[in-house]
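Q: From the sequence below, what's the structure:
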Amino acid sequence: MVNTPSSESKAAKAKSRKAAVRKRGSAGSRRAAAPVSERRRATPAEQLATEMLSVKEALDGVVAQFGVRVSGQLAEVLRALQGPEPPSKRTLKDMIVKVQDVKLRPERGRIKDLLRLQALADDLVELLAKD
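A: Numbers count the residues shown, from 1 in each chain. Next up, the predicted model:
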């Protein structure tokens, strides 16, 4: 075979590729192997599980904040009732009617009940403010 410029360049390229592979594979340049968890990508099921945990944490936070807010409003009404100057008789009657009208079914765990409690707390605080 006659060495032509193109065959020489092909041979040189192949030689340089082999040298590069040897350099990468040498003991001095090796990195420590990554742990198994870092070497592979998460499966779709694992990704979904991670996302679902985030959503669950967000739900827990939202429910907790909602409970704190509504509970605080109800505590405000109780403090006003027990204070030195309770609301007027008319306001008290209106408040009693509102509390008695609320129909809750907590065993069902529905958003309707949460909305009714929020509306009740808002109404009671509003009645106190008007008094």
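Q: Name the residues of the helix ranked longest in the chain that come out as buried.
A: The helix spanning the most residues in the chain, taking DSSP state H as the definition, is helix 44-82. Residues of helix 44-82 classed as buried: 70, 73-74, 77, 80 (neighbour count, 16 or more other CB atoms under 10 Å). Quick note: C-beta positions are derived from backbone N, CA and C, even for glycine.
Q: Mind picking the one among those residues that's closest to V62?
A: Proximity of the buried residues of helix 44-82 to V62 (CB to CB) peaks at V70, which lies at 12.5 Å.
Q: Check the spacing between the closest one and A64 real quick.
A: 11 Å (CB to CB, to the nearest Å).
Q: Spell out which residues are contacts of both of the two.
A: Residues touching both V70 and A64 (CB atoms under 8 Å, 6 or more residues apart in numbering): none.
Q: packing partners for the longest helix of the chain?
A: Counting contacts by 3 or more CB pairs under 8 Å, 6 or more residues apart in numbering; DSSP states H and E, helix 44-82 packs against helix 111-130.
Q: hmm, who's touching the helix it packs on?
A: 66, 70, 73-74, 76-77, 80, 87, 91, 94-95, 98-99, 102-106.
Q: now that helix, how far from the centre of its chain.
A: 27 Å (CA atoms, centre = their mean, to the nearest Å).
Q: Buried ones in it, by neighbour count?
A: 113-114, 116-117, 120-121, 123-124, 127-128.
Q: What sits closest to V77 if chain neighbours are left out?
A: Residue nearest to V77 in three dimensions, not counting chain neighbours: L124, with 4.7 Å by CB to CB, 6 or more residues apart in numbering.
Q: Distance check, that neighbour against P87.
A: In terms of CB to CB, L124 sits 10 Å off from P87.
Q: related to what we said a few turns ago, which one of the buried residues of helix 111-130 is nearest to A45?
A: L114 (31.8 Å).
Q: From V63, how far off is that closest one?
A: Taken as CB to CB, the span from L114 to V63 is 9 Å.
Q: Likewise for Q47?
A: 25 Å.
Q: again with E126
A: 24 Å.
Q: rewinding a little: what sits in contact with each of L124 and P87?
A: With CB under 8 Å, 6+ apart, L124 and P87 have common neighbours M95.
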